[in-house]
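Engineer: Compute the structure for the input listed below.
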Amino acid sequence: MMICAALSWYSADPIITLHGRITTSDYVGILGQQVHPMVQLFLNNDVIFQDDDSPIHTARSVQSRFEVHEDVL
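Structural biologist: Next up is the predicted model:
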(Lines give C-alpha, C1' and ligand atoms only; values in the text may rest on other atoms or scores of the structure.)
Protein backbone atom coordinates (compact mmCIF):
# COMPACT_ATOMS: atom_id res chain seq x y z
CA MET A 1 0.00 0.00 0.00
CA MET A 2 1.19 3.51 -0.77
CA ILE A 3 -0.22 6.72 0.67
CA CYS A 4 0.14 10.37 -0.29
CA ALA A 5 -0.78 13.07 2.18
CA ALA A 6 -0.34 16.80 2.71
CA LEU A 7 0.36 17.82 6.29
CA SER A 8 1.00 21.23 7.74
CA TRP A 9 0.90 23.03 11.07
CA TYR A 10 -2.60 24.18 10.14
CA SER A 11 -4.29 21.19 8.54
CA ALA A 12 -4.10 17.67 7.21
CA ASP A 13 -5.58 17.15 3.78
CA PRO A 14 -7.22 13.96 2.57
CA ILE A 15 -4.91 10.96 2.42
CA ILE A 16 -4.65 9.29 -0.98
CA THR A 17 -4.44 5.51 -0.54
CA LEU A 18 -3.17 3.41 -3.42
CA HIS A 19 -3.67 -0.35 -3.44
CA GLY A 20 -1.98 -2.89 -5.63
CA ARG A 21 0.93 -2.52 -7.98
CA ILE A 22 1.62 1.04 -9.14
CA THR A 23 3.58 1.62 -12.35
CA THR A 24 5.77 4.63 -13.01
CA SER A 25 3.20 6.02 -15.46
CA ASP A 26 0.50 5.59 -12.77
CA TYR A 27 2.72 7.44 -10.30
CA VAL A 28 3.42 10.32 -12.71
CA GLY A 29 -0.35 10.64 -13.23
CA ILE A 30 -0.98 10.62 -9.47
CA LEU A 31 1.62 13.36 -8.99
CA GLY A 32 -0.03 15.56 -11.60
CA GLN A 33 -3.68 14.86 -10.87
CA GLN A 34 -3.81 14.38 -7.10
CA VAL A 35 -0.59 15.43 -5.36
CA HIS A 36 -0.06 18.67 -7.29
CA PRO A 37 -3.52 20.05 -6.34
CA MET A 38 -2.77 19.30 -2.67
CA VAL A 39 0.52 21.20 -2.90
CA GLN A 40 -1.28 24.21 -4.39
CA LEU A 41 -3.19 24.61 -1.12
CA PHE A 42 -0.02 25.91 0.51
CA LEU A 43 -0.10 29.55 -0.51
CA ASN A 44 3.54 30.35 0.21
CA ASN A 45 4.78 27.25 -1.69
CA ASP A 46 6.89 26.32 1.33
CA VAL A 47 6.60 22.62 0.55
CA ILE A 48 8.85 19.66 1.22
CA PHE A 49 8.04 16.62 -0.90
CA GLN A 50 9.25 13.34 0.55
CA ASP A 51 9.52 9.92 -0.98
CA ASP A 52 11.81 6.95 -0.58
CA ASP A 53 14.08 5.08 -2.96
CA SER A 54 11.32 2.88 -4.32
CA PRO A 55 11.96 2.07 -8.00
CA ILE A 56 8.90 4.05 -9.10
CA HIS A 57 10.15 7.10 -7.20
CA THR A 58 13.60 6.94 -8.81
CA ALA A 59 12.46 6.08 -12.34
CA ARG A 60 13.70 8.36 -15.08
CA SER A 61 10.18 9.43 -16.13
CA VAL A 62 9.32 10.44 -12.56
CA GLN A 63 12.58 12.36 -12.10
CA SER A 64 11.95 14.13 -15.44
CA ARG A 65 8.53 15.22 -14.19
CA PHE A 66 10.13 16.71 -11.09
CA GLU A 67 12.70 18.57 -13.20
CA VAL A 68 10.04 20.02 -15.51
CA HIS A 69 7.67 20.93 -12.66
CA GLU A 70 10.12 21.74 -9.89
CA ASP A 71 8.46 25.09 -9.23
CA VAL A 72 5.14 23.43 -8.32
CA LEU A 73 6.21 20.14 -6.80
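Engineer: what helices or strands is the helix of greatest length in the chain leaning on?
Structural biologist: Counting by DSSP state H, the longest helix found in the chain is helix 60-68. Contacts defined by 3 or more CB pairs under 8 Å, 6 or more residues apart in numbering; DSSP states H and E place helix 60-68 against helix 24-30. Every residue, glycine included, has its C-beta placed from N, CA and C.
Engineer: Next SSE downstream of the helix it packs on?
Structural biologist: helix 36-39 (DSSP states H and E).
Engineer: show me where pLDDT drops low in this structure?
Structural biologist: Low-confidence segments of the chain (pLDDT under 70): 10, 43-45, 71-73.
Engineer: Could you pull out the buried residues of stretch 50-58?
Structural biologist: For stretch 50-58, the neighbour count (16 or more other CB atoms under 10 Å) marks residue 56 as buried.
Engineer: need the contact list for the residue nearest to residue 18 when sequence neighbours are not counted.
Structural biologist: Nearest non-adjacent residue to residue 18, counting by CB to CB, 6 or more residues apart in numbering: residue 2, 4.4 Å away. Taking CB atoms under 8 Å, 6 or more residues apart in numbering as the criterion, residue 2 is in contact with 17-18, 22.
Engineer: can you count the residues close to residue 65?
Structural biologist: 19 (other CB atoms under 10 Å).
Engineer: distance of the residue nearest to it when sequence neighbours are not counted from residue 13?
Structural biologist: With sequence-adjacent residues excluded and distances taken as CB to CB, 6+ apart, residue 65 is closest to residue 28, at 5.3 Å. Between residue 28 and residue 13 the distance is 20 Å, computed by CB to CB, to the nearest Å.
Engineer: same check, this time on residue 3
Structural biologist: Taking CB to CB as the measure, residue 3 falls 12 Å from residue 13.
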